[in-house]
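**Q** need a 3D model of the following:
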Amino acid sequence: MHIQEWLETVPAVAVYLLVGGVIGLESLGIPLPGEIVLVSATLMAATQDHINPYVLGVCAVAGAIIGDSIGYLIGRKGGQPLLDWLGRKFPKHFGPHHVATAERSFKKWGMWAVFVGRFIALLRIFAGPLAGVLKMPYWKFLIANVLGGIVWAGGTVAVIYTVGKVAEKWLKQFSYLGLVAAVLFGLGSFVVMRIKAKKAEAAKPAGTSSETEAVATVD
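**A** Numbers count the residues shown, from 1 in each chain. Now for the predicted structure:
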């Protein structure tokens, strides 16, 4: 929510650049909240007209593909020493356990690990650099990278934007129906109270009369 509130204060161009930049840096191998920024920006696009969801989706896809490609080249050049340096720099994200888990995924699934890694926070950070370190053929990496970037970034924008629009419309309808229900409830309560009051008022003289007759009989 803090990210979304901050995004609402900046121009549309800055939002596009921010989304593409953060996702690109995350895909490159820097642990950043790319998915959170993308979802927040998409929800904002669903509620504000100045953010174009198509442009947002293109920027997100471009950032994902370019960032992953740069990460692959860095991993290819840096090799294992790069992972060791990242492990010392970011132990919570590139520790020995995380690297071992990612390596097992890559060795087992190959290029599918790059594609599926888009949807998993840990592998999304590792995918590019680790594919380079493990010397995955670039053409395989590129296919998985492009397809994964389109499906993940583009799909996230499409789904979240649609859900945001439906939720906004539903909330508006709910607030309208809630107002009508509140008015009807108020009128119904008023009518019921009036009926009960009339019954009580009608029963009071009869009760009083009966009590008078009873007193007279005793006397």
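**Q** mind listing the strands for the chain?
**A** In order along the chain, the chain carries no strands (DSSP state E).
**Q** residue ranges with poor pLDDT in it?
**A** 1-8, 86, 90-95, 98, 166-219 (pLDDT under 70).
**Q** let's see it at 90
**A** Low-confidence segments of the chain, defined by pLDDT under 90: 1-12, 14-15, 26-51, 71, 74-138, 140, 159-219.
**Q** what are the ranges of the helices in it?
**A** Listed in chain order, the helices of the chain (DSSP state H) span residues 2-7, 12-28, 34-47, 53-78, 80-89, 91-94, 96-109, 111-117, 121-133, 138-149, 155-218.
**Q** what's the nearest residue to Ala46 if we skip its chain neighbours?
**A** Gly164 (2.8 Å; C-beta to C-beta, 6 or more residues apart in numbering). Heads up, the C-betas are built off the backbone N, CA and C, glycines and all.
**Q** that neighbour contacts Ile51, correct?
**A** No. With contact defined as C-beta atoms under 8 Å, Gly164 and Ile51 do not form a contacting pair (11.0 Å).
**Q** so what sits against both of the two?
**A** Common contacts of Gly164 and Ile51 (C-beta atoms under 8 Å, 6 or more residues apart in numbering): Ala45.
**Q** which of the two has more residues huddled nearby?
**A** More crowded of Gly164 and Ile51, by other C-beta atoms under 10 Å: Ile51, with 22 against 18.
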